[in-house]
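S.K.: Quick one: sequence plus predicted model below, questions after.
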Amino acid sequence: MLYRRKQKIMSSHIVQHKQVFKLASLFASLTMVVFLGACSEEKPHQPASPVIPYIHVSAETVTLTRELPGRVSAFTVAEIRPQVSGIIKERLFEEGSDVVAGQVLYQIDPVIYEAAYRNAKAELARSQADENASRLLMERSAKLVKTGAVGRQDYDDAVAAYERIKAQIEAAREALETTRINLGYTRVTAPISGRTGRSLVTKGALVTQNQPSPLAVIQQIDVAYVDVFQSSAEMLRIRHAKTRGQMRDNPASASKVRLLLEDGAPYVRAAADENGRPDWIEGELLFSDITIEQSTGVFNIRAKFDNAEGTLLPGMYVRAVIEEGVKENAVLAPQKSVGRDLRNRPQVFILTKNNPAEGDSARPPLGTHEYYVESRSITIDRDHNDRWLVSAGLEPGEMLVVDGLIHLRHGMTVAGKEVMPSAAPANSGDSTEAGRR
């Protein structure tokens, strides 16, 4: 009896547990249905389009310049050579100093030339003494020949002797002048004003007349020449562009040249102008050579620069900034807006309302500030004031993306935000908004 009673109690507990489990399952099912119903009433989340900055492309009138390599050469160069032979007795200048025309640089031992000068002077005096006696003889013979006291032949001989003496006097004068000049040549003077280099001879050295090696070199550098080298192909390109009307000359500055020194610094005066800006020293184009160097295909352009401060030294490498002409309706793009495609060609991204993706017409309509992205290859002419001069592929009025290029792909949808060209980012990197997305 006790055993059966325990079984009945256990059976009743099991039945109660089953009923509680069924009620709990029913409550959980109802809760899930209510939750799913509430969720089904919410709209699905749509990701926002990335915000991309852009500028409107505009046409400008720009002055095009070209940097060409060049070398500085002295305005005047004089190689000092002796005009008489002898021993260098003294050097009378400091190496590397400035000298003036006529200043004595070397003194050659003059002893031999002084003796030659005195001898020539004595020879002239002897000839002049002989000339006096010969003239008196000729005058007496002229009187006597009239009376018949002397023959005509004697008179003619007296006249001829007098003429010979006169010729000897003239020769003696010329010999004296030659010895005087040679004596003066023992003082080797500077033919031009300028700066000397190192002396190539020392005191006691033997020098010869018109020897091939100079004693020293003087260079005038207060004015300097710059020889610029331009390729013939570049010259023809500029000429054709002007012929087709793509470029025109600027008469106001067509012959002006500026320089960039070897370290990249501009060639300016030490003192700034009245506005505190660097004062460029502008040179003047003198001529262009008419001969093309066959081995290199370049020709020479010479310009002249003021060099009062002595910045330009002969042989220095420089870059000349030469104005090519004025280009109207030029299209310029910020350098940051230009990337490279897989073939390493210049590429930009344009924002447009027209879907550039082929076969994808089922897209939802664009919002007011939403655009499609179009990738486009362009042709770059050159760098101009930290911007690219675009010769093909970009038209004025188009919306050019200036930042976030690495996040863009052809045909994607973005939100455009116009920025001023001056406010376009100057350094590499993506915008904050595009970077977050």
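M.R.: Cool, got the structure.

S.K.: for the strand or helix carrying residue 129, packing partners?
M.R.: Residue 129 is part of helix 111-147, with elements assigned from DSSP states H and E. With contacts defined as 3 or more Cβ pairs under 8 Å, 6 or more residues apart in numbering; DSSP states H and E, the packing partners of helix 111-147 are helix 152-185. (Glycine included, C-beta is placed from N, CA and C.)

S.K.: what inclination does the helix it packs on have with respect to helix 111-147?
M.R.: Relative orientation of helix 152-185 versus helix 111-147 (axes from the mean of the first three to the mean of the last three Cα atoms, to 10 degrees): 160 degrees.

S.K.: any idea of the mean pLDDT for helix 152-185?
M.R.: Per-residue pLDDT over helix 152-185 has a mean of 87.

S.K.: distance between that helix and the chain's centre?
M.R.: 65 Å (Cα atoms, centre = their mean, to the nearest Å).

S.K.: what helices or strands is that helix leaning on?
M.R.: Right, helix 152-185 is packed against helix 111-147 by 3+ Cβ pairs under 8 Å, 6+ apart.

S.K.: Residue 352 contacts residue 400, correct?
M.R.: No. With contact defined as Cβ atoms under 8 Å, residue 352 does not count as touching residue 400 (11.1 Å).

S.K.: okay, residue 275: pLDDT?
M.R.: 73.

S.K.: quick one on the thing from earlier: more neighbours, residue 352 and residue 400?
M.R.: Between residue 352 and residue 400, counted using other Cβ atoms under 10 Å, the more crowded position is residue 400 (23 against 14).

S.K.: Any regions of the stretch 151-300 of the chain where pLDDT drops low?
M.R.: Residue ranges of the stretch 151-300 of the chain with pLDDT under 70: 251-254.

S.K.: swap the cut-off to 90 and go again
M.R.: Within the stretch 151-300 of the chain, the stretches with pLDDT under 90 are 151-169, 210, 230-256, 264, 269-280, 284-299.

S.K.: Going along the chain, name the strands of the stretch 251-400 of the chain.
M.R.: 256-260, 283-288, 298-306, 317-334, 339-340, 346-352, 370-377, 379-384, 387-392, 399-401 (DSSP state E, counting those that start in this stretch).

S.K.: Which of those strands sits closest to residue 202?
M.R.: Nearest of the strands of the stretch 251-400 of the chain to residue 202, taken as Cβ to Cβ: strand 317-334 at 32.6 Å.

S.K.: could you check the angle strand 379-384 makes with the closest one?
M.R.: Using the same axes, to 10 degrees: strand 317-334 against strand 379-384 is 120 degrees.

S.K.: Work out the gap between strand 317-334 and the centre of the chain.
M.R.: For strand 317-334, the distance to the chain centre is 13 Å (Cα atoms, centre = their mean).

S.K.: Now that strand: average pLDDT?
M.R.: Strand 317-334 comes out with an average pLDDT of 89.

S.K.: neighbours around the closest residue to residue 354 other than its chain neighbours, how many?
M.R.: In space, and not counting its chain neighbours, residue 354 is closest to residue 372: 6.7 Å by Cβ to Cβ, 6 or more residues apart in numbering. Residues lying near residue 372 (other Cβ under 10 Å) number 20.

S.K.: pretty sure residue 372 contacts residue 365?
M.R.: No. Look at residue 372 against residue 365 with Cβ under 8 Å: they stay out of range, at 11.7 Å.

S.K.: Okay, domains of the protein per the record?
M.R.: Domains of the chain are assigned by automatic domain parsing as 51-62+330-436, 64-73+218-326, 82-108+186-213, 110-184.

S.K.: longest strand of this protein?
M.R.: Scanning the chain for the longest strand, with DSSP state E as the assignment, gives strand 59-80.

S.K.: Tell me the spacing between the residue most central in space within the chain and residue 307.
M.R.: Per Cα atoms, centre = their mean, the C-alpha nearest to the average position across the chain is that of residue 319, at 1.8 Å. Distance of residue 319 to residue 307, given as Cβ to Cβ, to the nearest Å: 17 Å.

S.K.: CSV please, covering the strands of the stretch 251-400 of the chain and showing distance to residue 177.
M.R.: Shown next, in CSV, are the strands of the stretch 251-400 of the chain (distance: least, Cβ to Cβ, whole Å):
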stretch, distance to residue 177
strand 256-260, 49
strand 283-288, 41
strand 298-306, 40
strand 317-334, 48
strand 339-340, 79
strand 346-352, 76
strand 370-377, 81
strand 379-384, 65
strand 387-392, 69
strand 399-401, 82
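
S.K.: So for residue 210, which of those strands sits nearest?
M.R.: Of the strands of the stretch 251-400 of the chain, nearest to residue 210 by Cβ to Cβ is strand 298-306, at 29.8 Å.

S.K.: Direction included, what does the closest one pair up with?
M.R.: Take DSSP bridges as the rule and strand 298-306 pairs in its sheet with strand 216-231 (antiparallel), strand 283-288 (antiparallel).
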